[in-house]
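**Student:** Take this sequence and fold it.
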Amino acid sequence: MEKQALRERVWDELEESGDARFPFPPHGRIPNFAGAERAAERLAATDAWAAADAIKCNPDSPQRPVRRRALESGKLLYMAVPRLSDEDCFLRLDPAEIDDIDHATTIGGSSALGVPVGPEAMAPIDLIVSGSVAVTEDGARVGKGEGYSDLEFAILREFGLVDDDTTTATTVHEIQVVGDEVPTTPLDVPMDRLFTPERSIRTGAPAAKPSGVDWDALDDERLAEIPILDRLEP
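**Tutor:** Modelled structure (predicted):
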């Protein structure tokens, strides 16, 4: 409930300030915000971005400028299939195979132009960009509350595609950078870098990231909904 109260506050503040952008309302989603393009520019100016050949990014509206920059820069882009509901639970977008980059950065376009792949067919991930509802300068992230972003990292780790050295980042509005104490667990992926339209922030995130899937945290319904877990479950 502490996290949900924080989400509601941030959504309200974005809406009341006029800094929320389509789709409306910002509530219940990773909120789009004024200045998302400038935040993406800050990310794209970093050494971590320059060194990344393969990037995983969330599909939400505020990170669309990140996805566009990745493809325009010739980087291999991966996006998770919604709710990890397919056996091949990621989409590979290779700029060498895409003519309409702008379309490929949309949810519909990524589904149409992306190639479904399982983890065995993926390149190691150099940079993960996650959407956030709120984040602290210590690197604690609050998402929508469904847990898929953290689970995606755990699955990739099980397949050896990410590790403690994989850079994690988020692009957010200044309103979303909060001073609250955010409760975290070993399942939560910390953010190494934060980018707002005004600032580039190296966080105080711990060096260690989740080591893999925590099976005790998954109920029968979640296990049944995500086919890739059948290939991992001990």
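**Student:** Local confidence estimate at the residue nearest to L232 when sequence neighbours are not counted?
**Tutor:** Excluding its sequence neighbours, the residue lying closest to L232 (CB to CB, 6 or more residues apart in numbering) is E158, at 5.3 Å. Where you see a C-beta, it was placed from the backbone N, CA and C, and this is true even at glycine. On pLDDT, E158 comes in at 97.
**Student:** count of neighbours near E158?
**Tutor:** Applying other CB atoms under 10 Å, we find 17 residues neighbouring E158.
**Student:** Show the contacting residues for the closest residue to V81 other than its chain neighbours.
**Tutor:** The shortest distance from V81 to any non-neighbouring residue, by CB to CB, 6+ apart, is to C89 (4.9 Å). Residues in contact with C89 (CB atoms under 8 Å, 6 or more residues apart in numbering) are A80, V81, P116, G118, P119, I155, I226, P227, I228.
**Student:** Can you classify the third one as helix, strand or coil?
**Tutor:** Read it as P116. strand (DSSP: H, G, I helix; E, B strand; the rest coil).
**Student:** and the longest helix for the chain?
**Tutor:** Secondary structure of the chain per DSSP state H: the longest helix is helix 2-17.
**Student:** and for that helix, what are the contacting residues?
**Tutor:** For helix 2-17, contacts defined as CB under 8 Å, 6+ apart pick out 20, 25-28, 31, 33, 133-134, 142, 144-145, 173, 175-176, 178, 180, 182-183.
**Student:** That helix: what's the following helix or strand?
**Tutor:** Downstream of helix 2-17, the next assigned helix or strand under DSSP states H and E is helix 36-44.
**Student:** in the next helix or strand after that following helix, what's buried?
**Tutor:** Tracing the chain C-terminally past helix 36-44 and defining elements by DSSP H and E, one meets helix 47-51 next. Of the residues in helix 47-51, those buried by neighbour count under the rule 16 or more other CB atoms under 10 Å are A48, W49.
**Student:** What are the contacting residues of helix 47-51?
**Tutor:** Outside helix 47-51, the residues touching it (CB under 8 Å, 6+ apart) are L43, D126, L127, T167, A169, R193.
**Student:** helix, strand or coil for F153?
**Tutor:** Applying three-state DSSP: F153 is helix.
**Student:** How about the contacts made by it?
**Tutor:** Counting by CB under 8 Å, 6+ apart, the residues that F153 touches are I128, V162, T168, V189, K209, P210.
**Student:** mind running it again at 6 Å?
**Tutor:** V189 (CB atoms under 6 Å, 6 or more residues apart in numbering).
**Student:** Same question for the one 3 residues further on.
**Tutor:** By CB under 6 Å, 6+ apart, the contact list for L156 reads V162.
**Student:** before we move on, which element is it in?
**Tutor:** Per DSSP H and E: helix 148-158 holds L156.
**Student:** next structured bit after that helix?
**Tutor:** Following helix 148-158 in sequence order, the next helix or strand is strand 167-171 (DSSP H and E).
**Student:** Run a quick check on the residue nearest to L232 versus I228, I expect a contact.
**Tutor:** No - the criterion here is CB atoms under 6 Å, and E158 misses it with I228 at 9.2 Å.
**Student:** which stretches of the protein have low pLDDT?
**Tutor:** Within the chain, the stretches with pLDDT under 70 are 1, 233-234.
**Student:** which residue is nearest the centroid of it?
**Tutor:** Taking CA atoms, centre = their mean, the centroid of the chain lies closest to S130, which sits 2.0 Å from it.
**Student:** For L151, see how far away D216 is.
**Tutor:** Counting by CB to CB, to the nearest Å, the separation of D216 from L151 is 13 Å.
**Student:** Sounds good, over and out.
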